[in-house]
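S.K.: predicted model and sequence follow; I will ask about them next.
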Amino acid sequence: LCVGITNTVGSAISRATHCGIHQNAGYEIGVASTKAYTSQIICITMMALALAEDSISKRERRDAIIDELGALPGKMRDFMKVQDVAMKELAAQLKDSNSLLFFARGNNYATALEAALKVRQAA
């Protein structure tokens, strides 16, 4: 069974897979689409939660993850309010840079690759 996660109904991925999840993240205005990437992470998490639904031993952890997912929009709003000035300062420092390196390992490796891709696409 091959499951595709896509933001576009009728895309090549949706046609090449047995079934899929349409994330409905909205139109991608630019090449660098953080909302589609973030939505994919949420979709994978929700799929894992659905697969773990039958396990009584994992119920408490699953419920905690669901609660955190529900709180995520508010946490992101709060984070963006606090970090807005810091992000603008960092952007001002980096705007004239010739190169930028992203380092990560473990679970954050994919995010570092995505960040590097976005910088290359936006440059």
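M.R.: Here it is on my side, so go on. Numbering: from 1, shown residues only.
S.K.: how about the nearest residue to the residue most central in space within the chain, chain neighbours excluded?
M.R.: Centroid check for the chain by Cα atoms, centre = their mean gives Thr38 as the closest residue, at 1.7 Å. Nearest non-adjacent residue to Thr38, counting by Cβ to Cβ, 6 or more residues apart in numbering: Ala25, 7.9 Å away. Just so you know, the C-beta spots here come from the backbone N, C-alpha and C atoms, and that holds for glycine as well.
S.K.: ok, Ile13 next?
M.R.: Gly4 (4.2 Å).
S.K.: output the contacting helices and strands for the helix or strand where the one you found lies.
M.R.: Taking DSSP states H and E as the definition, one finds Gly4 inside strand 3-6. If you count contacts as 3 or more Cβ pairs under 8 Å, 6 or more residues apart in numbering; DSSP states H and E, strand 3-6 packs onto helix 12-16, strand 19-22, helix 34-51.
S.K.: need the contact partners of the first one.
M.R.: The list of residues contacting helix 12-16 from outside it, by Cβ atoms under 8 Å, 6 or more residues apart in numbering, reads Cys2, Gly4, Ile5, Thr6, Thr8, Gly20, His22.
S.K.: thank you kindly, that will do.
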